[in-house]
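Engineer: Fold the following for me, if possible:
(2 chains)
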Amino acid sequence: MIKQLNSILFVLSIFLMPTIYFIIPKEKVSEDEKRKLATIPNLTVKNYINGYWADSVDNYIDDHFPFRQKFIDLAVIVQSYKGIHLEHQEKIFVGNKKNELQQHHQGKDKRADLNYLADFEESYNGSLIIIDGCVYPMGGGNVAMSKRFSKMVNEYAEELKGEVRVFSAVAPLSSAFMPVEKYAHYYGQNKRTLAAIGSSLSSDAYFCDVFEELDKHKDQRLFFKTDHHWKPLGAYYAYVAFCKAAGKAPVPLEEMDKKVKYNFLGSLYQKTLDPTVRANPDTMEYFVPKVASTAEYYGEYGFNNPKKSKVFYHSSSGGNTYSTFLGGDVPLMKINTTTKNGKKVIVIKNSMGNAFTPFLISHYEEIWVADLRYSKQNLLDIIRKNGINDMIFAVGMYAAMSDGTINMMRRMGKQNGEYIPPKKVVVDTLKSANPIVEDTLK
Amino acid sequence: MVFSSLTFIYLFLPLCLFLHSITKSDVFRNLILTVFSLAFYAWGEPMWIYLMIFTAFFDYLMGLLIEKWHGKPWSKIAVTLSVIVNLSLLISYKYGGFIWDNLHQLFGYLPFDRPMNSLPIGISFYTFMAISYVVDVYKGDVKAQRNPLNFLMFISLFQHLVAGPIVRYKQIFEQTNSRVINWTRMSEGVTRFCFGLFKKVVVANVAGALVSKYLDIGFNDLSSYEAWFGITLFSVQLYFDFSGYSDMAIGLAKMFGFDFDENFKHPYAAISVADFYRRWHISLGRFFRDYVYIPLGGNRKLQLRNIMIVWLLTGLWHGASWNFVLWGFYFGCFMIIEKLLDGILQKTPRILRHTYTLILIVFSRALFYFTDFEKLKTFVVNLFYSKNPIGAGFQTDVLEHTFWFILVIILCIPWDEIFDENSKVRIQTVNSYQYVKPVVNVALLFLATLLLVNSTYNPFLYTRF
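Structural biologist: You can find the predicted model right below:
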């Protein structure tokens, strides 16, 4: 009797879930995660042979499992019974180490429809830590790479000596300001990395001490909890650091229009899909200088067919909230402002620079913004033909900590619209000063 | 596909169980199992299926020929050929890159490119099964399978395909032709499967997340305590991962009417290294004993050499990398030492022998984990002498996993050895457990499902081999 019951209960359980699946209505979009749920592609020989179809079915079942969200929420509660609870809830999200099978299963990302996730994954494949629903990368750069970054900046400063002031404004990682004592070493690591950039810049280049400025305000939230970018407030303090280096007076926050966006679940949530992160969406306050501006942007090559653009996209929302600034990443952008002082600047940036750039409209009549990954136009040409006065490297540390991106920035001065495939850089992790970060900050 | 995936539990298994149960015809059942096994194998990585089908048909034919020529010299030639072909496939697919690297290092230049094959899943397991089959037919221990479909089913059976156990044909040859499925088997199978799934998802995956934290991310800042903690957790992960898989395999086999032999018997209760390997991955140890150790002369001639050869090969079986060879050498040495000091060991108190074994085993996991010798060296130095302070996270991790650790310890204790079959406590416990078992099993399945729906970390370690 018991044997029958045991067998039947089990069989019923494994038949029950598929049956429920057919009964309940199917959703195409996950409202909570702001993403499309996986679909199953047509079964073709090619799809099947390369494993894509099977992966899609796995993803589909994962995504459409009956009561999925309730299961996930319950799982979080169950997992909290592993031991005794402490003040802070922590969870490590392992990024770097994937074995074959995992790669296999995660190979085709079902979440790629989000703007900045690909951006984040491209620049960072290391581990993340989730503390009380807030995600931090585990790293803080390293001095060896700082020197290589500074060398590249120095080359531009040397080349443009007497013509253009070259500034370096590299952002730290959010790991610098973690609220938990035991991760305090990331504070020091970020600080050392950025200070090393300053100390290895030549006298021709200008150093914006972004870290110092952010550090003064570390009691405020300077980075998003669910996204790898800084909040506009963090970008503002970087702007203050720039003003100090450039001998300008920063516009006080009170003199700008403050706007707010709610319920932002950014790239780090998309990456971790962690329920505690989902429960803590970000609120984004941002500041609009009282200066009118127009903008246009160009494709990767040349200057033909500029398209209309804006400094602020006030309607961006949801997973794309960060695209409020400059509308996201475009190869090359030109902004004209009503600050009629004849001053011109070019910003070399990755997505971190997007939140930084809008503050400059109070100080420059013309602002060029070149994305180091996409712009194939020659940087020196732009600078010389347009009579640009200042050049700012406003990048997140991700971009300064890899030979790949440093070389991209170096090539910007040499390229002429043609495509140069990036060289593969193999870093010998064991011999470098800080292998973990070398590993993670590629 | 792996057992601990939603696709397997809620799509593959119900479909396969249903189709398998609608008929009593053995031919139809075997056909269903074969088709499902091939689909299981080909899920997401279909390109190597030809290799497995080739192996199956080649050894099927060889089996027939060996039997036909039984007692004649041709028979010996056929079995030798079969073993050579099987091993050649294994070597070229599994060790091609490794051999190339070493030759390249030796000569500096090779006239051909490095073979870029990815490791066909399960090749180490099914190749050994095929070899054991032809050798057993040659020795006359078992009759050759006449039906090619049944033989293909034996080789490809999804229950053991990806990560063992290495099932010997002589264990299940009757069941490949005809099987009895009854409530007893089904119920035992269900219980075993749910328990295995629990071990994998609730114990091994949790350990795995911690292992990564200590042995990958925090690798450079480890204090000695943390290094031992990390490597102990890896020992936990390895055991629960692999034995959980074996439990699921044995359980699934029972549901479909097969009896597989046990693959694990509380290894962490061992009192010597030799004892450990009588309890750990038993099917592999038995294979090497029967097909390498004994043919080499066993304990009759050159025993110590034979032990070393077996262990070097066992190491190499686990992976195409020198650290696995070192791992094998390490155990070979201790096996030999234990043989030589047998008298002293016998007189040593049990608790000391147990401690000695555990330390050796846990330490050996480092050789298993780090394929990079530089990293291994750093780690071993940290194990014994580290200047790094204990990270603040250590205490948190221990506290946050307290109940989980207690669970792990309870699961590692050999209760069935402490309370023998006639003990009153055991009989009473087993009897009263009978009544809650169905509910417990469904609860374990539910718990595992919860965590799987929520999971981001769910690889099986042993499918690498």
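Engineer: and the residue nearest to residue A:198 when sequence neighbours are not counted, bridged to which residues?
Structural biologist: With sequence-adjacent residues excluded and distances taken as Cβ to Cβ, 6 or more residues apart in numbering or on different chains, residue A:198 is closest to residue A:207, at 4.1 Å. Yep, even glycine has a C-beta here, placed from its N, CA and C like the rest. The residues paired with residue A:207 through beta bridges, assigned by DSSP bridges, are residue A:168.
Engineer: low-scoring stretches of chain A, by residue?
Structural biologist: Scanning chain A with the threshold set as pLDDT under 70 gives A:29-36, A:85-90, A:93-126, A:417-442.
Engineer: Tell me which residues of the lengthiest helix in it come out buried.
Structural biologist: When chain A is parsed with DSSP state H, its longest helix is helix A:2-23. Along helix A:2-23, the positions that meet the burial threshold by neighbour count (16 or more other Cβ atoms under 10 Å in any protein chain shown) are A:3, A:6-7, A:9-11, A:13-15, A:17.
Engineer: just stretch B:293-313 next, same as before
Structural biologist: For stretch B:293-313, the buried set under the neighbour-count rule, 16+ other Cβ under 10 Å, comprises B:293, B:296, B:306-312.
Engineer: now do stretch B:439-448
Structural biologist: Across stretch B:439-448, burial judged by 16+ other Cβ under 10 Å covers B:441-442, B:444-445, B:447-448.
Engineer: just to revisit the earlier point, can I get the buried residues of stretch B:293-313 in CSV with pLDDT and secondary structure?
Structural biologist: What follows is the buried residues of stretch B:293-313, written out as CSV (pLDDT from 0 to 100; DSSP: H, G, I helix; E, B strand; the rest coil):
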residue, pLDDT, secondary structure
B:293, 88, helix
B:296, 85, helix
B:306, 88, helix
B:307, 88, helix
B:308, 91, helix
B:309, 91, helix
B:310, 90, helix
B:311, 91, helix
B:312, 92, helix
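Engineer: Redo those residues as JSON lines? Include distance to residue A:364.
Structural biologist: Putting the buried residues of stretch B:293-313 into JSON lines (distance: Cβ to Cβ, whole Å) gives the following:
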{"residue": "B:293", "distance to residue A:364": "80"}
{"residue": "B:296", "distance to residue A:364": "82"}
{"residue": "B:306", "distance to residue A:364": "81"}
{"residue": "B:307", "distance to residue A:364": "78"}
{"residue": "B:308", "distance to residue A:364": "75"}
{"residue": "B:309", "distance to residue A:364": "76"}
{"residue": "B:310", "distance to residue A:364": "76"}
{"residue": "B:311", "distance to residue A:364": "72"}
{"residue": "B:312", "distance to residue A:364": "70"}
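Engineer: Walk me through the domains of the chain.
Structural biologist: No chain in the question, so chain A it is. When chain A is parsed with automatic domain parsing, its domains come out as A:1-85, A:137-440.
Engineer: switch to chain B, that's the one I care about
Structural biologist: Chain B resolves into domains spanning B:6-179, B:185-464 when parsed by automatic domain parsing.
Engineer: could those domains go into JSON lines alongside distance to chain A?
Structural biologist: Putting the domains of chain B into JSON lines (distance: least, Cβ to the nearest Cβ, whole Å) gives the following:
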{"stretch": "domain B:6-179", "distance to chain A": "4"}
{"stretch": "domain B:185-464", "distance to chain A": "3"}
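Engineer: Can you check which of those domains gets nearest to residue A:408?
Structural biologist: domain B:185-464 (27.5 Å; Cβ to Cβ).
Engineer: May I ask which helix or strand encompasses residue 353?
Structural biologist: Using chain A here. For residue A:353, the enclosing helix or strand under DSSP states H and E is helix A:352-356.
Engineer: That was the other one, I meant chain B.
Structural biologist: Per DSSP H and E, residue B:353 falls inside helix B:350-369.
Engineer: Specify the local secondary structure of the residue in chain A positioned nearest to chain B.
Structural biologist: In chain A, the residue found nearest to chain B is residue A:182; the distance is 2.9 Å by Cβ to the nearest Cβ. Secondary structure assignment for residue A:182 (DSSP: H, G, I helix; E, B strand; the rest coil): helix.
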